[in-house]
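A.B. asks: Here's my sequence, what's the structure:
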Amino acid sequence: MNNLTVTRRDNTTYQLADFGNMVMMTDARQLITLLNEDVVKVTVEAAAAQNYAVGDSITVFGRLYKLNQPPKIKKESTRKYTCELTFEGVQYDLMRVAYLLSGNTVNSELQDVWGNNLIGDLTRFAQVLITNANRVFPGEWILGVVEGEDKTINIEFSESDNCLSVLQSLCTEFDTEFVINNNGINTLNFIKVSTVFQYPLKYGANKGLYNLSRDNASTNNQVTRLYAYGSSENITERYRADRLCLPGKVKNNSYIEESYATLPVGIFEKIKYFDEIKPERIGTVSALVPDNVNEFIDNAMFNLNAKWQDNGDDYQEWLALKGLDDTTGNHDNYTANVTGNSKYLLTESAQLTFNTGSLAGLVNFNIASYDHNTHKFTLNPYEEKGYKFPSEDNTAFRIAVGDMYVLTNIALPKSYITNAETRLKNKANQYYAENFSPLVKYTLEIDRMYLKDRYAATDNIFTAGQSIHITDAEVGVDKDIRIQSIERDILDPYSYKIILSDTPLRKKPNRWARDIAIQRQIANEALQRTVSDAQIDVKKLNVADVIDSLDAKIEFNNKKALSQSQGVVLKNMIEAVGIRENIGLQEDPDTGPNSFMTIETFVPSSTRLFLNGQLLYYGQDYDEYSNNGGVTLTRYDVRPDDRLFLEAIIVNNNQ
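C.D. replies: Next up, the predicted model:
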């Protein structure tokens, strides 16, 4: 492909290379990364300045790309200009669209949603995304296939969210990927590419591989003994632990360990919380009760009023939930202290939250009563500022048949807990299979003549997410591995550079990284101003808002002292929340280089320090020791694998 046709916004066209006017494309590459970037980068050399405009578009190998930013131009002489243009795929249009949950959107479809939270399954979030996209690009977006984890979640959105960032988050939350097909209209599909390239590739003449290299994709993933836990949500004191455990396990032995993983390398332990897995029941409104907006019927509801009975089935169920053995003492305890108590209702009021419908996410309603003979719920109405929900006056804010809901502040029947434990086991086994050995990535350079003998130059030969079977005894690989990124030379369309890995390369496109850096700078400046002025009420600014990784913790590599690079990151985190002097990280001389670390730094009174989720230090408690509102922390011991969390708390001095 020696030239590219560019289409202006007014549908006029021009050729990117114009040899008669001494305009030449010196480089043109298509770069696609799974779940991330999709761009075409072109370098043009010209004898005079060129007129490229935002909105110019090209079609490369059947994919549409647009110039969304002015090109970089370098004048090297009076007769030589170098221009670098970045054309972006249609997914970048979604960066221009705010993810609104309410207000005047297309057909008023979102006006039943209140606040910044939305509860729903993947289809619900995807529908909202498409509605928003068509507000800015009318009629250009439709929803296609939706495949992902079958669950309902609650997501809180912020002012920084746009439809592209939400799209990325949804893929992570629901363990899926997105594919956008463009045939005059953009069809957004949530689906994982599962095809395998039809030709296995090997190194050697006419075997497909010109070059093959292997690198570590991650050095911290390996685990051969995985302690797996689910969420703490919907886990009551009646359960055998404070988090969901693997089936038949208590907290200290809720782990997976396989001999095929431990025999070659020994034990590598890791704790993994699968917070998305929890016992839950999603109920559905079967019918309404005439003349009472606070009542509805769910014909599939279990007996919320059931009590523990003095029989073998209930006793065995109680033992399983508590993780106890069948002993005389336990039986006597059950008979004397458990029999006759409520199985599901706790001491506090049971609550109900709607996941769908006009009351979705609005409030947690207290349950006034439940009649199991009729399967009828009666809710206490919620009142605020003169408004009452469910509303007697406004039909837009009432319960409707088909609305889905969840119950909280209750214990769930054994079947729901067993189901959750099974899902936890399946998820943990999947994670273990992906991480019992170090993650690696392979960089391939494909033999261009091998491809030329089999494909046309315009074919999309490889697809991000597709698998390729790679065989090379010396490198030690003989398996299908997924394509994570593709670099294709447009001027030589059979020239490919491909990166394979079983783990997605979670690199954010440059524009996203730039936006995060800007947000970090703004957040840090706002924090410093607020600390000095102390003019607003209590607010929180997490470290996650001011570091590139958007992760408010540092994880220390097991069996290793804190590295210099980790120390720099930790120092940056501390500085970001207002600690004004240097941090020193030193080995503990009493316990050796691989055991403890010491933090010595100045902490302002507006900062709290957490270690492994426990509050270690709150600056205001120590104001008496320092005239300038802080204190120097000395000898805070941090073990390898401990997690530090610093949080800036900005307090109004007038309070």
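A.B. asks: can we go C-alpha only for contacts and neighbour counts from here?
C.D. replies: Fine.
A.B. asks: which one in this structure is furthest away from the centre?
C.D. replies: G20 (50.6 Å; CA atoms, centre = their mean).
A.B. asks: That one belongs to a helix?
C.D. replies: Yes - according to DSSP: H, G, I helix; E, B strand; the rest coil, the state of G20 is that of a helix.
A.B. asks: Could I get the full set of strands for the stretch 101-250 of the chain?
C.D. replies: 117-120, 141-146, 153-156, 178-182, 186-190, 201-203, 208-218, 225-229 (DSSP state E, counting those that start in this stretch).
A.B. asks: counting contacts, what elements does the second one pack onto?
C.D. replies: Contacts defined by 3 or more CA pairs under 8 Å, 6 or more residues apart in numbering; DSSP states H and E place strand 141-146 against helix 122-136, strand 186-190.
A.B. asks: With respect to C163, which of those lies nearest?
C.D. replies: helix 122-136 (6.2 Å; CA to CA).
A.B. asks: the inter-axis angle of that closest one versus strand 141-146?
C.D. replies: 160 degrees (axes from the mean of the first three to the mean of the last three CA atoms, to 10 degrees).
A.B. asks: Can you give me the pLDDT of the nearest residue to S57 once chain neighbours are set aside?
C.D. replies: Of all residues not flanking S57 in the chain, K66 sits nearest, at 4.2 Å (CA to CA, 6 or more residues apart in numbering). K66 is assigned a pLDDT of 95 by the prediction.
A.B. asks: hang on, the earlier thing: now the strands of the stretch 101-250 of the chain as JSON lines including mean pLDDT, distance to K278 and mean neighbour count?
C.D. replies: Below are the strands of the stretch 101-250 of the chain laid out as JSON lines (pLDDT from 0 to 100; distance: least, CA to CA, whole Å; neighbours: other CA atoms under 10 Å):
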{"stretch": "strand 117-120", "mean pLDDT": "78", "distance to K278": "16", "mean neighbour count": "19"}
{"stretch": "strand 141-146", "mean pLDDT": "96", "distance to K278": "23", "mean neighbour count": "17"}
{"stretch": "strand 153-156", "mean pLDDT": "82", "distance to K278": "11", "mean neighbour count": "13"}
{"stretch": "strand 178-182", "mean pLDDT": "92", "distance to K278": "26", "mean neighbour count": "18"}
{"stretch": "strand 186-190", "mean pLDDT": "96", "distance to K278": "24", "mean neighbour count": "20"}
{"stretch": "strand 201-203", "mean pLDDT": "84", "distance to K278": "43", "mean neighbour count": "20"}
{"stretch": "strand 208-218", "mean pLDDT": "80", "distance to K278": "29", "mean neighbour count": "15"}
{"stretch": "strand 225-229", "mean pLDDT": "96", "distance to K278": "10", "mean neighbour count": "24"}
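A.B. asks: I'd assumed the residue nearest to S57 was in a strand, is it?
C.D. replies: Yes - counting by three-state DSSP, K66 falls inside a strand.
A.B. asks: doesn't D56 make contact with it?
C.D. replies: Yes - between K66 and D56 there is a contact under CA atoms under 8 Å: 5.7 Å.
A.B. asks: and V196, how far is that from N394?
C.D. replies: Note on V196: its distance to N394, by CA to CA, to the nearest Å, is 55 Å.
A.B. asks: Who has more neighbours out of the two?
C.D. replies: V196 (18 against 10; other CA atoms under 10 Å).
A.B. asks: That one bridge partners, please.
C.D. replies: Beta bridges link V196 to S467, judged by DSSP bridges.
A.B. asks: how about the helices in the stretch 301-450 of the chain?
C.D. replies: For the stretch 301-450 of the chain, the helices defined by DSSP state H, counting those that start in this stretch cover 312-322, 328-333, 414-435, 448-452.
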